[in-house]
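**Q** starting from these lines, generate the structure:
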Amino acid sequence: MTQKRLKEVTEAILRSVMNKEVAVQHFDSSPLPDKESIYKIISDIFIILFPGYFGYADMSFDSIEMRISYRIARVYEYLKPQVYRELIHECRNYQTPCGTCDKASEAFVLEFLGYIPNLRKKLESDVKAAYKNDPAAGSFDEIIFSYPGLEAISVHRVANFFYNRGLRVIPRIMSEWAHSKTGVDIHPGATIGESFFIDHGTGVVIGETTVIGNNVTIYQGVTLGALNFPRDSEGKIIRDAKRHPTICDSVIIYAGATILGGSTEIGSRSVIGGNVWLTESVPPDSKVLIADSGLKIFHKKHHLDKNQ
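**A** I've put the predicted structure just below:
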């Protein structure tokens, strides 16, 4: 009886899988990028970005050249086929001839590896911003080892490099890996300046077309999102429209604030208070707070006496 039922279930599932009108299966001679491989690549990249903190506890100047060279070679070896998979899949998906995917994937990875010194400078500015703005930070070591905001922005800066060069699947795998680890959801398309600090991190959401300037600090639960989705005459979403806000230099956004809309701009040096809901631009040097909500605090004994 059980075997018969299992056969029926199998046949039903196969009919669903073979239905070409259903879009949740992938049959192709070109496999998509592998998520587990991307996760391992991120780990290798972190060893290069922060030598001595990850991978090798005993890193020294005598061993650094050999060990970094080894990791660079590993990233090249493992990342190149993943980039190739995405490139050739897109070519076949859009039925365009591709004779350059192998060379293009090599160029992508070599360009990324060459970009790492610049990436390290940006991450150094992020570490310094965390130390400057968080009195609980005891050292750079503590920040690099344990701050989820730094881990999230580190992965984002890697993912954003590939996103800006036309890749979509690999950057999203990277960003969602960081999201699952840190609770910080940054779309790889978001543009983020230097000296960026996310304090605590949990629940932060930063949308695809968000633009953030330099020296910006945000706290947990902040959403930089879309107010609406522009559509064309046929009702289809216009996917390349700016939907998310612009945050100018030296802005502070406190916990739980929500800022929405592609035309919304927060002027430089502004402060956005906790739990603010904002859908319009504010000029530089503004302070946006929720008006008196009528909150009242009673002394327990006095309150009980009044109700007796």
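
**Q** state the distance from the residue most central in space within the chain to P171.
**A** For the chain, the residue nearest the mean C-alpha position is I186 (3.0 Å; C-alpha atoms, centre = their mean). Plainly put, I186 is 11 Å away from P171 if you go by C-beta to C-beta, to the nearest Å. Where C-beta positions appear, they are placed from N, C-alpha and C, glycine not excepted.

**Q** again with V204
**A** Taking C-beta to C-beta, one finds V204 at 18 Å from P171.

**Q** ok, T202 next?
**A** Applying C-beta to C-beta, the value for T202 to P171 is 22 Å.

**Q** looking at these two, which is more packed in?
**A** Using other C-beta atoms under 10 Å as the criterion, T202 and P171 rank with P171 on top: 24 against 14.

**Q** quick one: the helices in the stretch 101-250 of the chain?
**A** Ranges of helices in the stretch 101-250 of the chain, per DSSP state H, counting those that start in this stretch, are 101-133, 140-146, 148-163, 169-182.

**Q** and the angle for the last one with helix 148-163?
**A** Between helix 169-182 and helix 148-163, the angle formed by their directions is 170 degrees, by axes from the mean of the first three to the mean of the last three C-alpha atoms, to 10 degrees.

**Q** repeat that for the first one.
**A** Here helix 101-133 points in a direction 150 degrees away from that of helix 148-163 (the same axes, to 10 degrees).

**Q** and helix 101-133, how far out from the chain's middle?
**A** Its chain's C-alpha centre and that of helix 101-133 lie 14 Å apart, by C-alpha atoms, centre = their mean, to the nearest Å.

**Q** check stretch 123-138 too.
**A** Distance of stretch 123-138 from the chain centroid (C-alpha atoms, centre = their mean) equals 19 Å.

**Q** contacts for it?
**A** 49-50, 139-140, 143-144, 147, 149-150, 153-154, 157, 194-197, 199, 215, 217 (C-beta atoms under 8 Å, 6 or more residues apart in numbering).

**Q** list the buried ones in that stretch?
**A** Buried positions in stretch 123-138, judged by neighbour count with 16 or more other C-beta atoms under 10 Å: 123, 125-127, 129-131, 134, 137.
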